[in-house]
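Engineer: Got a predicted structure here, sequence first:
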Amino acid sequence: MRERLPSLTALTLLAALVAGTWWAAHYTHSTVELDPPRRHTHEPDSWAKGFVMLRTDEHGIAINRLEGDYMQHYPDDDSYHLDKARVTINQQDNPISTATSDIAIMDQGGTRVQMIGNAYVHRQPDEKGDIFTISSKQLTLYPDQDKVETDDPAVIVNGSQTLQGKGMYYDNNSRQLQVHQNAHVTIPPSNTPSADAPTQ
């Protein structure tokens, strides 16, 4: 019996050590949060002054440019907020468009840019030489699709014509414009003399 006593003592101590370790591990897991959940508050995690972001096509040609005086990035929705924003859209075969606003929010992986406050879009002259502009308090751009829309009142200038209405959708690929409500078109009088006008 005396010969077995050291072995029994060692086994008892080992069992006590295993039980104590298991209890300590269980207590730690149940009381201490090892992986706290991600915070979902809307707080910026980075910022920059004189911010410029370029997006290129598969050939490395810049097709979209986003810039602003000051940028903040929000990780909860992966959005970029810019002050004094400017967007340039340079899609192949389309006239270049530029947009400006007091504030811009880019989200949805860069596929949407919300232009807020004094929003203005200017398309360079097309093959006919006509410019195209849109003014509103808020415009939503889809740079990859080269489209713009708003639910707010907007003023559109297309060449010599001015169109006002509430709610608008414009596709720069097809040059199609839709105004949803209260459309009003202003066409300046022609400078060409009519057939009945007296000649000198």
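Structural biologist: Noted; the coordinates are in hand.
Engineer: Show me where this structure has its strands.
Structural biologist: 46-56, 62-74, 79-89, 97-107, 112-123, 132-142, 147-158, 161-171, 176-186 (DSSP state E).
Engineer: which residues does the residue nearest the centre of the chain contact?
Structural biologist: Geometric centre of the chain, nearest residue: M106, 1.9 Å, by C-alpha atoms, centre = their mean. Listed by C-beta atoms under 8 Å, 6 or more residues apart in numbering, the contact set of M106 reads 66, 79-80, 82, 112-114. To be clear about C-beta, it is placed using only N, CA and C from the backbone, and glycine gets the same treatment.
Engineer: Need those in a markdown table (columns: distance to T186).
Structural biologist: Conversion of those to a markdown table gives the following (distance: C-beta to C-beta, whole Å):
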| residue | distance to T186 |
| --- | --- |
| L66 | 33 |
| S79 | 37 |
| Y80 | 37 |
| L82 | 33 |
| R112 | 31 |
| V113 | 29 |
| Q114 | 28 |
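Engineer: so what's Q145 up against?
Structural biologist: 111, 171, 173.
Engineer: Select only the buried ones of those residues in PyMOL?
Structural biologist: A single PyMOL command is used to select the members of these judged buried by 16 or more other C-beta atoms under 10 Å:
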select buried, resi 171
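Engineer: Reformat the contacts of Q145 into a markdown table and put distance to A16 next to each item.
Structural biologist: Listed next are the contacts of Q145 as a markdown table, based on distance: C-beta to C-beta, whole Å:
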| residue | distance to A16 |
| --- | --- |
| T111 | 62 |
| D171 | 77 |
| N173 | 77 |
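Engineer: how about low-confidence regions in this structure?
Structural biologist: 1-8, 10-11, 27-40, 190-200 (pLDDT under 70).
Engineer: 90 instead, please
Structural biologist: In the predicted model, the chain carries pLDDT under 90 at residues 1-45, 55-63, 76-77, 91-95, 109-110, 125-131, 158-160, 175, 181-200.
Engineer: Return the residues in contact with G117.
Structural biologist: Per C-beta under 8 Å, 6+ apart, neighbours of G117: 101-103, 137-138.
Engineer: just checking, H73 touches S46?
Structural biologist: Yes. Judged on C-beta atoms under 8 Å, H73 makes contact with S46 at a distance of 4.6 Å.
Engineer: Which one of the two is surrounded by more residues?
Structural biologist: Each of H73 and S46 has its neighbours counted (other C-beta atoms under 10 Å); H73 has more, 15 against 10.
Engineer: what are the bridge partners for that one, then?
Structural biologist: S46, Y80 (DSSP bridges).
Engineer: residues touching it, list them.
Structural biologist: Residues near H73 by C-beta under 8 Å, 6+ apart: 44-47, 79-81.
Engineer: Could you work out the most separated pair of the contacts of M106?
Structural biologist: L82 and R112 (13.6 Å; C-beta to C-beta).
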